[in-house]
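Visitor: coordinates for the following, if possible.
(one chain, ligands or ions: 1)
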Amino acid sequence: MKNNIRALSLFSGGLDSILATCLVMSQGIDVVAIQFVTPFFNYHILKDIDSYRDEVRSKYGINVKVVDISIDYLEMLRNPVHGFGKNFNPCIDCKIYMLSRAREMLGELDAKFLITGEVLGQRPMSQRRDTLNVIERDSGSRSLLLRPLSAKLMLETEAERKGWVDREKLLKFSGRGRSSQIALAKEYGITDYPSPAGGCILADPILSRRVSQLYSEESILRPAEITTTDVQLLLVGRQFVLPGGGWLILGRDERDNDKLEALVGSVDALLWMEERPGPAALLKKAGSWYGDALELENNLQLAASLVVRYGRKIEGSRPVGEVTCTLAGKSRIIQAQPLEDKVFRDWML
Ligand code: SF4
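Guide: Model (predicted):
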């Protein structure tokens, strides 16, 4: 280990962050890879952090520390200073937040500098030279931040000036192509890594639309009320905004139904049919959001009709169904006709 120098790398689990981390480790620096987790990316890791750390260590020899930033992240998403990209992705504020957070961890982890896998010009919004400068400036990490994959195209950082890393052995990758990264991965014997697309729900055109609806003025939740459970609910099954604004989630299969059952809150209604297979439905805040009983009853009836609509057919048709509805610890049966598709098409999110 080079004079016991330690660095923290921002680790997404993607190839660029793997390579940036390995490149600096290859110069004898002890690198701790910080993997931030939110309900929008990498959330599954929280289910079994130890297995994930073992997997990354055995595949790439990298030591990962997993940090859940969900609460701060939900708050940042309410009003990102630098706005959103093509979808509901606040990439610049996201990077500023993560770098600031990692910078704060330097002292605690006895580390001297920061690393990211950013490549100049690779992403239209967040990896242009001017944007990289803004990210450094606003995260207070200017001389602390080394981007090993493009370092030779950038100004010297403290780690190079102080001789902790040899600038000559750093790289000058730029642009959107992946061939240099793939060749370097081969050199390191890395063959198993995630594809570059995907990973962040906020950059996904369909799922990010759901998130943006949750944060909009039409949402039944005020932005300050949104929790990780709400984001998890957004990613389940079919989503509807009912007339009047109610939020309904319908399971597509048994797994979704189990998730809805696990995520139901004390003021949410849960609906399902005992008599035949079909979706479970969760009507969010049924017990607290509705202005009057009639409005609630109307939305519960629509929810029950959708449960019957997506329930299994009996001898080629869908007869009236008996839908069990539980709310605030009480259960009752709602008789419901299947709803016609043309009625609810526009309610789908
Ligand atoms: S794609 Fe998602 S995780 Fe990546 S910078 Fe943008 S908002 Fe952050």
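Visitor: ends of stretch 139-148, what's the gap?
Guide: Distance between the two ends of stretch 139-148: 18 Å, counting by C-alpha to C-alpha, to the nearest Å.
Visitor: please apply the same query to stretch 151-171.
Guide: Length of stretch 151-171, first residue to last, C-alpha to C-alpha: 6 Å.
Visitor: now that stretch: buried residues?
Guide: Across stretch 151-171, burial judged by 16 or more other C-beta atoms under 10 Å covers 151-154, 157, 159-160, 164-165, 170-171. Every residue, glycine included, has its C-beta placed from N, CA and C.
Visitor: ok, so of those residues, who is nearest the ligand?
Guide: M154 (19.0 Å; C-beta to the nearest ligand atom).
Visitor: ok, so what distance separates that closest one from A102?
Guide: M154 sits 18 Å away from A102, going by C-beta to C-beta, to the nearest Å.
Visitor: same check on G83?
Guide: Distance, G83 to A102, using C-beta to C-beta: 23 Å.
Visitor: out of the two, which sits in the more crowded spot?
Guide: Neighbour count, other C-beta atoms under 10 Å: between G83 and A102, A102 has more, with 26 against 12.
Visitor: following the chain past the helix or strand where the more buried one lies, name the next helix or strand.
Guide: Taking DSSP states H and E as the definition, A102 sits inside helix 91-108. Downstream of helix 91-108, the first helix or strand assigned by DSSP H and E is strand 113-115.
Visitor: ok, and for the following helix or strand past that following strand, which residues are buried?
Guide: Next helix or strand after strand 113-115 toward the C-terminus (DSSP H and E): helix 129-138. Going by neighbour count (16+ other C-beta under 10 Å), the buried part of helix 129-138 is 131-132, 134-136, 138.
Visitor: partner strands of the helix or strand that helix 129-138 is followed by and their direction?
Guide: Where DSSP H and E defines the elements, the next helix or strand beyond helix 129-138 is strand 145-146. Strand 145-146 sits in its sheet next to strand 113-115 (parallel), going by DSSP bridges.
Visitor: for the residue positioned nearest the centre of the chain, list the residues it contacts.
Guide: Central residue of the chain (C-alpha atoms, centre = their mean): F40, 1.1 Å from the mean position. For F40, the residues meeting the contact criterion (C-beta atoms under 8 Å, 6 or more residues apart in numbering) are 73, 200-202, 211, 231.
Visitor: I29: how many residues sit nearby?
Guide: Neighbour tally, I29, other C-beta under 10 Å: 25.
Visitor: I'd say it and N4 touch.
Guide: No: at 9.6 Å, I29 does not count as touching N4 under the criterion of C-beta atoms under 8 Å.
Visitor: what residues does the helix holding A102 touch?
Guide: Under C-beta under 8 Å, 6+ apart, the answer for helix 91-108 is 8, 10, 34, 36, 67, 69, 72-73, 76, 80-83, 85, 111-114, 116, 123, 125-126, 131, 134-136, 138-141, 144-145, 202-203.
Visitor: next one: it, is it in contact with the ligand?
Guide: Yes: using C-beta under 6 Å from any ligand atom, we find that helix 91-108 touches the ligand at 91, 94-95.
Visitor: what mean pLDDT does that helix get?
Guide: Mean per-residue pLDDT for helix 91-108: 97.
Visitor: check which residues of that helix are buried.
Guide: For helix 91-108, a neighbour-count test (16+ other C-beta under 10 Å) marks 91-103, 105-106 as buried.
Visitor: got any ranges where the protein has weak pLDDT?
Guide: 1-3, 124-126, 196-198 (pLDDT under 70).
Visitor: please list the residues of it that sit near the ligand.
Guide: So the chain meets the ligand at 41, 89-91, 94-95, 126, 200, 202-203 (C-beta under 6 Å from any ligand atom).
Visitor: if we can go back for a sec, which two among the buried residues of stretch 151-171 are spaced furthest apart?
Guide: Maximum pairwise distance in the buried residues of stretch 151-171, criterion C-beta to C-beta, is 19.7 Å, between L153 and W164.
Visitor: from the ligand, how far off is the residue of the chain lying at maximal distance from its centre?
Guide: In terms of distance from the mean C-alpha position of the chain, E315 ranks first, at 41.9 Å (C-alpha atoms, centre = their mean). Noted for E315: a distance of 48 Å to the ligand, by C-beta to the nearest ligand atom, to the nearest Å.
Visitor: cool, W247 as well?
Guide: Applying C-beta to the nearest ligand atom, the value for W247 to the ligand is 23 Å.
Visitor: so that residue sits against K284, correct?
Guide: Yes: contact status for W247 versus K284: in contact at 4.2 Å, counting by C-beta under 8 Å.
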